[in-house]
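Q: here you go, sequence then predicted model.
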Amino acid sequence: MQVFRNKNPYYRTLIFISAARIALCVLPIFVLCFLLWRIGSENYLETVGFTMMILGMVLAYAALSRRYRILLSGHNGERALFKIIKHIKWSGDCAVFTNLPVIYRKSRSEIDMLLIGERGIVIIEVKNHSGAIIGSGNDDFWLQRKKFREGYGAVRGAEKKMINPLIQLRRQRGIIKSLLREHGFDVWVENALFFSNPNVRLKLNLSKNNRAFSDKSDLVRFINDMKPEKPLTKRECKAIIGAIREMSAG
């Protein structure tokens, strides 16, 4: 199996934010020490200025930490998805693309994983959400419900909406099918949604054409048991893999 692993476009941002968070942990200490040393100064504006500087650093750290957690969650999800490659038992000419950027006319997206082989083509989108995920295939939004333990054994719940990830999957599927048609291929494309966080519970009402997995072994079994009505020939596989590589390079 050929593996074409593209870099996560947010990886550099993740590294930068990580370094910025470390700096914002250290700098306030130096500023505070300098402020204490100058505490006897008669310059009131100087004291206020240093105090506001420390407050600004604390607020910046909080904002960066929130962004860092979001990017890190996505990065961890992609790492978990990448680990399933060694369990895929497809034979013949097959390939895996990760973090694949795709563009068709005004539609742009990035596919977490694209599998191409004689058994067919599969798009996999990964999410690293935790808690209970509630929704159906036709909903615009799904509900994420989480519980937190507080002091004295109290449990607090929180809910927030998330855009139905199947909408993104359908758009990606449409882009891939359109791009392949331009290269003379009219093939069926499967899609699957993978929730990689071990603390997730899926409460989804989906049709048989919309698949969501929270267990890695179930996702691997789905991929390995695929039996399309019209398998791809070796020649088609090579041509499609070459076309996707060309699209990716372009």
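A: Yep, that arrived.
Q: CA atoms for contacts and neighbours, from now on please.
A: Fine.
Q: residues near the closest residue to Asn191 other than its chain neighbours, how many?
A: Distance criterion Cα to Cα, 6 or more residues apart in numbering; nearest residue to Asn191, sequence neighbours excluded, is Ile123 at 4.6 Å. If you count neighbours by other Cα atoms under 10 Å, Ile123 ends up with 21.
Q: let me see the domain layout of the protein.
A: As given by automatic domain parsing, the domain ranges for the chain are 2-6+89-249, 11-77.
Q: can you tell me what sits against stretch 241-250?
A: Residues from elsewhere that reach stretch 241-250 (Cα atoms under 8 Å, 6 or more residues apart in numbering): Cys94, Ala95, Leu100, Pro101, Val102, Ile116, Leu180, His183.
Q: quick one: the host helix or strand of the fifth one to chain centroid distance?
A: So that's Val102. Element membership for Val102, per DSSP states H and E: strand 95-104. Computed by Cα atoms, centre = their mean, to the nearest Å, the chain-centroid distance of strand 95-104 equals 14 Å.
Q: partners of that strand, with directions?
A: strand 2-5 (parallel), strand 107-117 (antiparallel) (DSSP bridges).
Q: on that earlier part again, what's the most buried one of the domains of the chain?
A: domain 2-6+89-249 (a mean of 16; mean count of other Cα atoms under 10 Å).
Q: quick one: the strands in the protein?
A: 2-5, 95-104, 107-117, 120-127, 131-136, 141-149, 155-163, 189-195, 200-205, 211-213 (DSSP state E).
Q: redo the ones you listed as CSV? Include distance to Asn224.
A: Converted to CSV, the strands of the chain look like this (distance: least, Cα to Cα, whole Å):
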stretch, distance to Asn224
strand 2-5, 16
strand 95-104, 14
strand 107-117, 11
strand 120-127, 11
strand 131-136, 26
strand 141-149, 29
strand 155-163, 29
strand 189-195, 13
strand 200-205, 22
strand 211-213, 14
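Q: is it possible to get JSON lines of these that adds mean pLDDT?
A: JSON lines is the format used below for those (pLDDT from 0 to 100):
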{"stretch": "strand 2-5", "mean pLDDT": "80"}
{"stretch": "strand 95-104", "mean pLDDT": "87"}
{"stretch": "strand 107-117", "mean pLDDT": "88"}
{"stretch": "strand 120-127", "mean pLDDT": "91"}
{"stretch": "strand 131-136", "mean pLDDT": "92"}
{"stretch": "strand 141-149", "mean pLDDT": "82"}
{"stretch": "strand 155-163", "mean pLDDT": "78"}
{"stretch": "strand 189-195", "mean pLDDT": "91"}
{"stretch": "strand 200-205", "mean pLDDT": "92"}
{"stretch": "strand 211-213", "mean pLDDT": "92"}
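Q: since that was my last question, I'll sign off now.
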